[in-house]
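Q: Model the following, please.
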Amino acid sequence: MKSLTDRVDQLFAEWNKPDSPGCAIGIIKGSEMIYKSGYGLASLEHNIPISSKTVFYIASTSKQFTAMSILLLADQGRISLDDAIQNYLPEFPEYNNYITIRHLIYHTSGIRDYLQLMGLAGMNVSNIYTNEDIIELLARQKYLNFEPGDDFLYNNSGYFLLSMIVKRASGQSLREFAEENIFEPLGMKNTRFCDDRTMIVRNRATGHFSKEDGGLRVYMTNFDKVGSGGVMSNVEDLFLWDQNFYENKLGKSDTINELLTVGTLNSGKRVKYAFGLKVGKYRGLNTIHHEGSSFGFGAEMLRFLEKNFSVICLANMSNINTLRLAKQIADIYLADQFKLLDIPPKSQDIPREPMSLPIHRLKEFLGHYHSNELQVTYKLVLKEGNLFFSHKNPPREHLEPSGNDKFQVSNIDEFIRYIYIDFIRDEQNKVAGFVLNTPGVKNLHFVRIN
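A: Residues are numbered from 1 along each chain as shown. Alright, predicted model coming up:
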């Protein structure tokens, strides 16, 4: 019979070879790392194997460290979670209702997702942008996805803005603040918010993507925005962070309890999101976790707090599903403690049914459309019987008809799964503009211009 660790190793067998990116894992029971291992290469170029010391970009798994920084600032009396964000971000317009720091934490602010706005504005994330460029883009948005507190919509803008609030309230960058108040006190010597694309990070893994021809490519980017992501860390350090959930060394005695407190909507309904952490269940057991995936990396920290059991899974290949692998490891170790079969949540996206339109109908939509909020003009052109966007960094796919004056484009980029376009007509029944929706940007208006 195979041992537990042999069964874990088998999960990673397809990457555990000398020509593949792969994963580092850590399995924690109580105060011990009961198993740690590396599979595949941290760098195919330099033939460096992955180990528990390999440093990975952990993408959105970083959000819990941003949230802890905000909590510690509140503990120190420098901010209140119910402060209006304009106290620290005066660039933002006054909306109908206050947006508070707490709204940002719980993804209930209604602010549009900045990574998706960048894509829609033709701003390639591999180019160099300042924090001020991003704030200017967000502050230009006249409308919200919804009124603050009315709904939950996961987006990256809130946590980027939290990083800026840390800087303006403390006088330190998020990197400096987290280093002094989180990473150094916990002994996390290999962990940092990487807010400088030129920073030397020892033992850093390289991110990889699959090529369409079946090969691999290295993901190179100049993107160095933090808050929504940005942490570089390894299994050894994340073990120390995990331990702090059981014996807190940071802030006040109830800081961890607050970190695990979920948000509440205006209606009184609770959201399944705490401070940079997702709260849920897996097979009948309570879980705290957060996955991350971007720039050729994947990360997952999955905790079963009542069982004092955690799984860390870090990857340097974009198509490795770290959350699924972490759950499969839990399946091996907690099999006798699970109560129910896990039922995956239903997708929130309602796909539109494609249809076809004759050429003369498609020609009605040709022309230029402008958005003041993005400060960009889209041109709609006809190619080989299909409508295409033509602007800086447009989607490669054509606009697919999906209803009366409705179109969709799928798989835009790493951050935008789809774009829905609903055209608007004037009193003469001529196309006057359109409304654009993505998963993180709602009701963005474009006006047709000559």
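
Q: Is the residue nearest to residue 43 when sequence neighbours are not counted in a helix, a strand, or coil?
A: Distances taken as C-beta to C-beta, 6 or more residues apart in numbering place residue 206 nearest to residue 43, at 4.8 Å, with adjacent residues excluded. (Glycine included, C-beta is placed from N, CA and C.) At residue 206 the chain is in coil, as set by DSSP: H, G, I helix; E, B strand; the rest coil.

Q: Could you tell me the phi and psi values at residue 206?
A: Main-chain torsions, residue 206, degrees, to the nearest 10: phi -100, psi 140.

Q: Give me the neighbour count for it.
A: Counted with other C-beta atoms under 10 Å, residues neighbouring residue 206 total 20.

Q: Quick one: residues contacting it.
A: Going by C-beta atoms under 8 Å, 6 or more residues apart in numbering, residue 206 touches 21, 42, 43, 44, 45, 218, 219, 296, 316.

Q: wait, residue 58 sits on residue 233?
A: Yes: with contacts counted by C-beta atoms under 8 Å, residue 58 reaches residue 233, the gap being 5.6 Å.

Q: what's the pLDDT at the residue nearest to residue 43?
A: Confidence at residue 206, expressed as pLDDT, is 95.

Q: Which one (most neighbours) among the contacts of residue 206?
A: residue 316 (31 neighbours).

Q: ok, now how distant is that residue from residue 271?
A: Residue 316 is 31 Å from residue 271, where distance means C-beta to C-beta, to the nearest Å.

Q: Let me see the mean pLDDT of the helix or strand hosting residue 72.
A: Assigned by DSSP states H and E, residue 72 belongs to helix 63-75. Per-residue pLDDT values over helix 63-75 give a mean of 98.

Q: With stretch 106-114 instead?
A: The average pLDDT within stretch 106-114 is 97.

Q: sorry, back to before: shared neighbours of residue 58 and residue 233, anything?
A: Residues within reach of residue 58 and of residue 233 at once, by C-beta under 8 Å, 6+ apart, are residue 314.

Q: Which one's more surrounded, these two?
A: Legend: neighbour count by other C-beta under 10 Å for residue 58 and residue 233, higher for residue 58 (31 against 26).

Q: which strands and helices sit next to the next helix or strand after the helix holding residue 72?
A: Proceeding N to C from helix 63-75, the next assigned helix or strand is helix 101-106, under DSSP H and E. Packing contacts for helix 101-106, counted by 3 or more C-beta pairs under 8 Å, 6 or more residues apart in numbering; DSSP states H and E, involve helix 63-75, helix 157-170.

Q: How far does helix 101-106 sit from its chain's centre?
A: When C-alpha coordinates are averaged (C-alpha atoms, centre = their mean, to the nearest Å), helix 101-106 and its chain have centres 15 Å apart.

Q: Next, the residues that contact it from outside, please.
A: Residues from elsewhere that reach helix 101-106, judged by C-beta under 8 Å, 6+ apart: 67, 70, 79-83, 85, 109-111, 148-149, 152, 158-159, 161-162, 165, 262-263, 271, 273, 275-276.

Q: shaky segments in this structure?
A: In the predicted model, the chain carries pLDDT under 70 at residues 1, 340-353.

Q: the strands in the stretch 101-250 of the chain, which residues?
A: 192-193, 208-210, 216-218, 231-233 (DSSP state E, counting those that start in this stretch).

Q: so what does the last one touch, helix or strand wise?
A: Looking back up the chat, that one is strand 231-233. By 3+ C-beta pairs under 8 Å, 6+ apart, strand 231-233 packs against strand 56-57, strand 192-193.

Q: Out of those, flag the one nearest residue 124.
A: Proximity of these to residue 124 was assessed by C-beta to C-beta; the nearest stretch is strand 56-57, lying at 18.3 Å.
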